[in-house]
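>>> what follows is a predicted protein model with its sequence.
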Amino acid sequence: MSNVRPRALIVALEAWPVIARLPRALQRSGFGVAALCHRHSFLAATRYLDQLFSLRSQCSGGAVRRSLAETINEWKPQVIIPGDDRTVLFFQRMVQLHQSGERTLPPKVSEALQLSFGNFDWLAEATSKLRTLQRAQALGLKTPGLARSDSVEEAVSQAKKLGWPVVLKKSTSWGGGGVVFCDNERQVAAAFAKFNESNLPHGRPGAGLVPKPGRAPDVERFPADATVTVNEAVRGKAAMIAVAAAAGKVLAHAAAIKEQCHPAPTGPPSVVRLVRHSGMLQTAKRLIGHWGATGLISFDFMLTAEGEASLIECNARPICLSHMGEWSGRDLCLALHHHFAGLEIPKPSKPRHEVVALFPREWRRDPRSRYLIEARHDVPWDDPGLVGKLIQDWRWRGAVAAK
């Protein structure tokens, strides 16, 4: 057992609100916490950072790599946590270039990433919806029926075989942006055309990742899986499980059902109901074990009326459940801390709350929502700077959407 306080570094190339809630949970668990992000992000607004390393508002992939190396040399983290999907893809690309010999990483950076992610190879599968489900099927796990489609005609043909409705998906997408429900051939054609228009360009890895203040991030500039798949539409409830993992072992987990999401029907959750589900847990354990993965990772599912869990995708990063350990009874950050500190992993306890309204998403979905009163409203009142930033940003977004 080490007496040294483990250090975590959160790297965020996008201004994703959820990750700004993680530093408090990490600090409470015993981590020293630093962040590498741009100074206008939500993550930079939290007071629960021991140190903040700033990225310029616009910088190339090379500049991000240099900033990462400088930050690792100064902060010396035991674990690096990606704050969003773009950052996961950026790490994946860095590792690809390193393994191919095209752009070797400094030894300290390579060692830090190895400790943080475990077996590097799993990232390539986890960041592709298609490859994640193919791996799950190879392991005998339950997934929706799906097929790769390279043309509208092929997509329509596959949809007819699966049966209407179907779900068209881009293999690399997030926030519900690459998911379209289709009831007929016309909708399939429209969705396929939309996906082709937005296919990710290939170029310098990481260029244009960090947005200017008040602007959406530029498109990704590195290879990603733009495959389109036609998926069986599983009827049931959307659910998720978040895990803390180390070297292929699940240390702790927290699961929930989506009660509300915003924007509907495929957006991130705005209200969740904490549950226990052995099917989701076993699927997560099988994939984490096969991959040899380390980190804060999550999986999305559809739960059928019979209670079966059908895997939808993996998120190789924290989600809304990852910071809720203080009162959910399933403390992922504490488990991760104890792993790096060489301590015994704590046992789960009974949750203090069952239904949680996520701030500010549920407030934005419906300011008169009953969940804001009846459920635990997850407002970070002890972090006023972050609360103000979240309210200000969501008001700005709402005003733009109304125009």
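Thanks, I have the structure now. Nothing here was measured: the structure is a model prediction, and the numbers come from that model.

>>> can you pull out the low-pLDDT segments for the stretch 101-250 of the chain?
175-177, 198-224 (pLDDT under 70).

>>> got the residue ranges for the strands in it?
146-149, 166-170, 179-182, 228-232, 237-246, 249-261 (DSSP state E, counting those that start in this stretch).

>>> how about these, which one is nearest residue 102?
strand 166-170 (26.1 Å; C-beta to C-beta). Just so you know, the C-beta spots here come from the backbone N, C-alpha and C atoms, and that holds for glycine as well.

>>> that closest one pairs with which strands?
Here strand 166-170 has these sheet partners by DSSP bridges: strand 179-182 (antiparallel), strand 228-232 (antiparallel).

>>> what's the domain layout of this protein?
7-120, 129-402 (automatic domain parsing).

>>> mean neighbour count added to the ones you listed, as TSV?
As requested, the domains of the chain are exported to TSV (neighbours: other C-beta atoms under 10 Å):
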stretch	mean neighbour count
domain 7-120	20
domain 129-402	19
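
>>> so which helix or strand takes in residue 286?
helix 278-291 (DSSP states H and E).

>>> and that helix, average pLDDT?
Mean pLDDT, helix 278-291: 98.

>>> could you point out which element follows it?
strand 295-303.

>>> helices or strands next to that next one in the packing?
Secondary-structure packing of strand 295-303 (3 or more C-beta pairs under 8 Å, 6 or more residues apart in numbering; DSSP states H and E): strand 79-82, strand 237-246, helix 278-291, strand 309-315, helix 332-341.

>>> what pairs with it, and is each one parallel or antiparallel?
strand 237-246 (antiparallel), strand 309-315 (antiparallel).

>>> was I right to think residue 82 contacts residue 315?
No - the criterion here is C-beta atoms under 8 Å, and residue 82 misses it with residue 315 at 10.0 Å.

>>> same list (the helices and strands packed on strand 295-303) but as CSV, adding distance to residue 151.
Below are those laid out as CSV (distance: least, C-beta to C-beta, whole Å):
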stretch, distance to residue 151
strand 79-82, 34
strand 237-246, 29
helix 278-291, 30
strand 309-315, 23
helix 332-341, 42
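
>>> which one of the ones you listed lies nearest to residue 91?
strand 79-82 (6.0 Å).

>>> pretty sure residue 318 contacts residue 22?
Yes - here residue 318 reaches residue 22: they are 5.5 Å apart, a contact under C-beta under 8 Å.

>>> and residue 384, what are its phi and psi?
Here is the backbone geometry of residue 384 (degrees, to the nearest 10): phi -60, psi -30.

>>> distance of it from residue 47?
8 Å (C-beta to C-beta, to the nearest Å).

>>> and if you look at residue 105?
Taking C-beta to C-beta, one finds residue 105 at 32 Å from residue 47.

>>> got it, and residue 168?
42 Å.

>>> now residue 160
Per C-beta to C-beta, residue 160 is found 55 Å from residue 47.

>>> so who does the nearest residue to residue 389 once chain neighbours are set aside touch?
Nearest non-adjacent residue to residue 389, counting by C-beta to C-beta, 6 or more residues apart in numbering: residue 45, 4.0 Å away. When contacts are counted by C-beta atoms under 8 Å, 6 or more residues apart in numbering, residue 45 touches 20, 385, 386, 388, 389.

>>> the second one - that's part of a strand, no?
No - Residue 385: not assigned to a strand; according to DSSP: H, G, I helix; E, B strand; the rest coil it is helix.

>>> is it true that it touches residue 44?
No - the criterion here is C-beta under 8 Å, and residue 385 misses it with residue 44 at 9.4 Å.

>>> ok, residue 184 touching residue 164?
Yes - using C-beta under 8 Å, residue 184 makes contact with residue 164 at a distance of 6.8 Å.

>>> what's the closest of the contacts of residue 45 to residue 284?
residue 20 (24.9 Å).

>>> does that closest one really touch residue 43, like I thought?
Yes - in terms of C-beta under 8 Å, residue 20 counts as a neighbour of residue 43; the distance is 4.8 Å.

>>> just checking, what packs against the helix holding residue 286?
Going by 3+ C-beta pairs under 8 Å, 6+ apart, helix 278-291 lies up against helix 122-126, helix 129-138, strand 237-246, strand 249-261, strand 295-303, strand 309-315.

>>> do you know which of those lies nearest residue 370?
Using C-beta to C-beta, the nearest of these to residue 370 is strand 249-261, at 10.4 Å.

>>> helix or strand right after the closest one?
That would be, after strand 249-261 and using DSSP H and E, strand 269-275.

>>> disregarding flanking residues, what is the spatial nearest neighbour of residue 227?
Nearest to residue 227 is residue 171, by C-beta to C-beta, 6+ apart, at 4.3 Å.

>>> now that neighbour: how far from residue 111?
From residue 171 to residue 111 the distance is 30 Å (C-beta to C-beta).

>>> again with residue 278
Between residue 278 and residue 111 the computed distance is 36 Å (C-beta to C-beta).

>>> from the opening residue of stretch 40-51 to its closing one, how far?
15 Å (C-alpha to C-alpha, to the nearest Å).

>>> heads up, I number from 13, so please use that
Fine by me, first position is 13 from now on; the one you just mentioned is stretch 52-63.

>>> thinking again about what came up before, shared neighbours of residue 330 and residue 34, which are they?
Contacts common to residue 330 and residue 34, judged by C-beta under 8 Å, 6+ apart, are 93, 95.

>>> got the contact list for the closest residue to residue 128 other than its chain neighbours?
Among residues not flanking residue 128 along the chain, residue 92 sits closest, at 4.1 Å (C-beta to C-beta, 6+ apart). Residue 92 makes contact with 20, 21, 22, 23, 84, 103, 124, 125, 128, 129, according to C-beta under 8 Å, 6+ apart.

>>> check contacts around the last one.
So that's residue 129. Contacts of residue 129 (C-beta under 8 Å, 6+ apart): 92, 103, 135, 305, 306, 307.
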